[in-house]
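Trainee: next input, structure requested:
(2 chains)
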Amino acid sequence: MTLIEEHPANPAAGDEDRPIGYGRLQRKEDPRFVRGKGHYIDDIVLPGMLHGAILRAPVAHARLVSIDTTEALARPKVLAVITGKDLEGLNLAWAPTLSADVQAVLVTDKVRFQGQEVAFVVAEDRYAARDALELIDVQYEVLPPVMNARKALDPDAPVIRDDIEGRTDNHIFDWSAGDEAEAAAVFAAADVVVSQEVVYPRVHPAPMETCGAVADFDPIDGKLTLYETTQAPHAHRTLFAMVAGIPEHKIRVVSPDIGGGFGNKVGIYPGYILAVVGSIVTGKPVKWVEDRSENLMSTSFARDYIMQGEIAATKDGTILGLRTQVLADHGAFNATAQPTKYPAGFFHIFTGSYDLKAAYCKVTGVYTNKAPGGVAYACSFRVTEAVYLVERMVDALARKLEMDPAELRLKNFIKPEQFPYANKTGWEYDSGDYEKTMRLSMEIAGYDELRREQKEKRARGELMGIGISFFTETVGAGPRKHMDIVGLGMADGAELRVHPTGKAVVRISVQSQGQGHETTFAQIVSEELGIPPEDIDVVHGDTDQTPFGLGTYGSRSTPVSGGAVALVARKVREKAKLIAAAMLETRPEDLEWEKGRWFVKGDPSVGKTIAEIALGAHGTVALPDGVDGNLDAEVTYDPPNLTFPYGAYICVVDVDPGTGHVKVRRFIAVDDCGTRINPMIIEGQVHGGLTDGVGMALMEIIEFDEDGNNLGGSFMDYLIPTAMEVPTWETGFTVTPSPHHPIGAKGIGESATVGSPPAIVNAVIDALAPYGVTSIDMPCTPARVWAAMQGHATPPI
Amino acid sequence: MQIPAPFDYARATGVDDAIALLDRHGPESRIIAGGHSLLPMMKLRLARPEWLIDINDLYELDFLLVDKDKLRIGALTRHTALLESDDIARLFPIITDAEHVIADPVVRNRGTIGGSLCQADPAEDLSTVCDVLGAVAVVRGPNGDRMLTMSEFHRGPYETALAQNEILCELQFAIRPRTSSAYEKVERRVGDWAVAAAGASVTLAADGTIEEAAVGLTAIGLDGTVPDIDSTTRGQKPSEELFAEAGRLASLACDPVADQRGPIDYKRHLADELTRRVLRRASERAAQTQEG
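Mentor: Model (predicted):
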């Protein structure tokens, strides 16, 4: 139950209800999506286009002995078969990852995960390309794989990355945050310390559209047009220029409609590079679109964190400190997309929403024979793992102290007057009123009544659980001086033009994968300039059409690009003021702004609308010195800090005592993302994220057997939730604007995915309290819940 | 897009035409009805038929009728039709129960009862249902029809008694008084294969004791029905103790394997738990039939 009574029944009913600026507005992009008129990578057809298919390794760890492509090449319609050896000749066999490592484009020496790219066939149609894969004869010498991260650093573990000179183990990095000594002192003096292993298993973002590319290299002018499923077209263009040696001005990256990204489409996959190579080799456009199994087995996963957590408190429930040791499984190549300084992303937000005396985390990254990646929904740069850890630990403490988990949280929240709040690991939280949000969530849930109901049910042997999660995220990366990806500062540009008739086009550097950018960004301009949202075109996803910027991930579109768009609109507004003054033959300082119009102070009837000013700017009005004859502007926004959205989530589950089956009965999500631009889009984002949270909490996991076989390679094996597994969402909100953001917005894209899993798992543990259960790891499948009830819960990895 | 290996396709115009096509194209030809098992297997290249014989035009196999003391269901009847049938809900609620938990509406709109039985997936629900109800399969080949009991029809996982040039035409279920049935499944998610499922049919005598009972299990390694259920329950009043004994028998009779859906001990536990539940519900329903 969305709190629908607070909103008009039909959000975009009549024109009179349609907002000029912020407010509920149906998405501008939806008519084309709901009518099947979206234009995705696989819809692109170019004259003479060929099709590529990738041969993938059937085993996880093996030395490549030989590849024979003769038979495949002889097959009708096959034009090229490219192997690692061919790429070596072009110096393209290895490509840099986003984390200062390299990744094989095609195997040259050794297979390092099941599903790794071995050869690329280019043929006249996709059927011929796929059939030819079976004709490539590859000989492997199978090696023992490293599948268990806990054993990756054993002295006798096989060394996966023997391609790196001098490498004798599978260790990638150690990274820490916080003051270890201070934490040790706080823990030593604490009345109560609770320790618990908390595992966030490997999951996959599984976007509806798999990854793909169409590469079109023009041998005459040397220009490459690359259509690809990317969340970051500009960053990709720069990286392609660096890797492929094609000058950057000769590369155009186009990211058309994208069917979901969730971090899965941040990195550069071998398939994209192979499509480019295929186009260069054949002189024709080459399309490559992976199938579902390829997507699940080879592209960026998420999580895979084994966290040993400790929480310290006084006996009356004042939380003193948190510390954790993390073992991070990065797969065969370190290919996470994290800002350079932060190999564990923003995991050090694990201090959560609480005022602590000390905190310390240490993260160790290891290689295993699994697919690489690590940035994925909601990657938010490892905020997901951090929030899951702290919210599980706080619940563990509540159980130990026999305190109500809501009460324990309320007692330890950072207080509104403490903001901006410097936490113990280096973050400066921008703003918050946590208690207010928590109390609203409890009110919607009827928290006390739920606890009464639970007590009655327990007396009857029924298993009902109530779980809480109060999360704080750190999103909107980020200030250039601290944050870059492969040397590119994490700023974003925006360009705005108001046409002579007062309609406008805004060009942005971030790329929507379904978030509704075409509506949200139009509304930001609309709010600043008073132009109706439908009169503002939002252009994105084409490097030839848009200013430079780092793209959409980690909930950064509104915090970063949203800031850029507000500022560029304000720049236009200020320019409009100068032109209006000229038109009205008055001084700029005598003008006052109301939404859509500059007017003379004290005489509101005398003024000029933005449309009139635009026509004036492009017309014959005598412009003041230094003012160009247009109503255009551009900015690049470098955010001064990150933003810290938060929320209070309450989940109610019922567990079948005979089967261990978990039913999520209710879920209350109260979010505070600061200023709300389009509440309808926000609710959509929250609903999607909560559904994803149910998936991770109850069913999703990419498992491997000990031979290295991926057990989640299709939707028959990798379960994603359906409408049947989720309740009717109950959402609410509070508004605490970010003080440093141009419009006070904090970002919402990943809040629900980050916040919901701990609420659900805490609810399951709470339901199982009569069985003495104090911990369970995701996914809470019936079998795993039943095992916990029998007292033999095991970690999933 | 997952691409199957190359294959040819023919659309049958009648049952005899389908049989002739199977005859002509030999052992690498396969019947396709709803296609919701075969096509995914082909796309993963786990199945590579050279010919698909499409029987979706064979409307003569799409029927559902009460014929005196029998319910007759044509092999091409879609799951949705079974789910929505009032006759089935009244006479064989085990089918309605099972159809509620078979896959999802998209699959149910297309998938057929004949396809389910011929696929003979050990995790397939309707095979268990037919075992429990003692269904009879009507099979046609070049030499005419033959009738098979379920124990004759099922040969094991993914294997039936159908010859290469035979097709399943119909399933028949005997309608008996004071009889009812139930089905329950545990799954990780709607549409996933069963972790385990159980079905039961109970016939009560006039005095309220059990005259006949059968229990079948899905996905946990049991062919046919659980042995000794009938002899253990016959002449007994339905009771929690009796259901518990039946559950114990079921958990002993099954032979599950450990997989991502759960370990062996859990699956054995489910055999017990679900057997109790379905016997309890079938007995209650049978008693209501008696009252009604």
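Trainee: kindly export stretch B:130-150 (C-alpha atoms) in PDB.
Mentor: Output in PDB follows, covering the C-alpha atoms of stretch B:130-150 (Å, rounded to 0.1, in the frame of the first residue of the first chain):
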ATOM      1  CA  CYS B 130      -1.700 -39.300 -12.500                       C
ATOM      2  CA  ASP B 131       0.100 -42.000 -10.400                       C
ATOM      3  CA  VAL B 132      -2.000 -41.100  -7.400                       C
ATOM      4  CA  LEU B 133      -5.300 -41.100  -9.300                       C
ATOM      5  CA  GLY B 134      -4.400 -44.300 -11.100                       C
ATOM      6  CA  ALA B 135      -4.900 -42.700 -14.500                       C
ATOM      7  CA  VAL B 136      -5.000 -44.600 -17.700                       C
ATOM      8  CA  ALA B 137      -3.100 -43.300 -20.800                       C
ATOM      9  CA  VAL B 138      -4.500 -43.800 -24.300                       C
ATOM     10  CA  VAL B 139      -1.700 -44.100 -26.800                       C
ATOM     11  CA  ARG B 140      -2.000 -44.300 -30.500                       C
ATOM     12  CA  GLY B 141       0.500 -45.700 -33.000                       C
ATOM     13  CA  PRO B 142       0.400 -47.000 -36.600                       C
ATOM     14  CA  ASN B 143      -1.400 -50.100 -35.400                       C
ATOM     15  CA  GLY B 144      -4.100 -48.300 -33.400                       C
ATOM     16  CA  ASP B 145      -4.800 -47.500 -29.800                       C
ATOM     17  CA  ARG B 146      -3.500 -49.100 -26.600                       C
ATOM     18  CA  MET B 147      -4.300 -48.400 -23.000                       C
ATOM     19  CA  LEU B 148      -1.500 -48.100 -20.400                       C
ATOM     20  CA  THR B 149      -1.600 -47.800 -16.700                       C
ATOM     21  CA  MET B 150       0.700 -45.200 -15.200                       C
END
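Trainee: hmm, who's touching that stretch?
Mentor: For stretch B:130-150, contacts defined as C-beta atoms under 8 Å, 6 or more residues apart in numbering or on different chains pick out B:15, B:19-20, B:23, B:92, B:94, B:117, B:127, B:129, B:151, B:153-154, B:161-163, B:165-174, B:181, B:199-201, B:214-216, B:224-225. C-beta here means a position set from N, CA and C on the backbone, and glycine is covered the same way.
Trainee: buried subset of the residues you listed?
Mentor: B:15, B:19-20, B:92, B:94, B:117, B:127, B:129, B:153-154, B:161-162, B:165-173, B:181, B:199-201, B:214-216, B:224-225 (16 or more other C-beta atoms under 10 Å in any protein chain shown).
Trainee: looking at this, A:V506 is in a helix?
Mentor: No. Per DSSP: H, G, I helix; E, B strand; the rest coil, A:V506 lies outside any helix segment and is strand.
Trainee: please name the nearest non-neighbouring residue to it.
Mentor: A:L496 (4.8 Å; C-beta to C-beta, 6 or more residues apart in numbering or on different chains).
Trainee: does A:V122 sit in a helix, a strand or a coil?
Mentor: Going by three-state DSSP: A:V122 is strand.
Trainee: ditto for B:D23
Mentor: B:D23 is classified as helix under three-state DSSP.
Trainee: in this structure it contacts B:I167, no?
Mentor: No. Counting by C-beta atoms under 8 Å, B:D23 does not reach B:I167; the two are 11.3 Å apart.
Trainee: I'd like to know which helix or strand in the chain has the lowest mean pLDDT.
Mentor: In the absence of a named chain, chain A is used. strand A:484-485 (a mean of 87; mean pLDDT, DSSP states H and E).
Trainee: actually chain B
Mentor: strand B:154-156 (a mean of 92).
Trainee: for the helix or strand following that one, which strands pair with it and how are they oriented?
Mentor: Note on strand B:154-156: by DSSP states H and E, the next helix or strand toward the C-terminus is strand B:159-160. Sheet pairing of strand B:159-160 (DSSP bridges) gives strand B:154-156 (antiparallel).
Trainee: what about the strand it pairs with, distance to the chain center?
Mentor: 12 Å (C-alpha atoms, centre = their mean, to the nearest Å).
Trainee: helices or strands next to the helix or strand hosting A:G309 in the packing?
Mentor: Here A:G309 is covered by strand A:302-313, with elements defined by DSSP H and E. In terms of contacts (3 or more C-beta pairs under 8 Å, 6 or more residues apart in numbering or on different chains; DSSP states H and E), strand A:302-313 is packed against helix A:180-189, strand A:192-203, strand A:319-329, helix A:383-401.
Trainee: and if we set it to 10 Å?
Mentor: Other helices and strands packing on strand A:302-313, by 3 or more C-beta pairs under 10 Å, 6 or more residues apart in numbering or on different chains; DSSP states H and E, are helix A:180-189, strand A:192-203, strand A:319-329, strand A:358-366, helix A:383-401, helix A:405-412.
Trainee: for A:G271, find the nearest of those.
Mentor: strand A:192-203 (21.0 Å; C-beta to C-beta).
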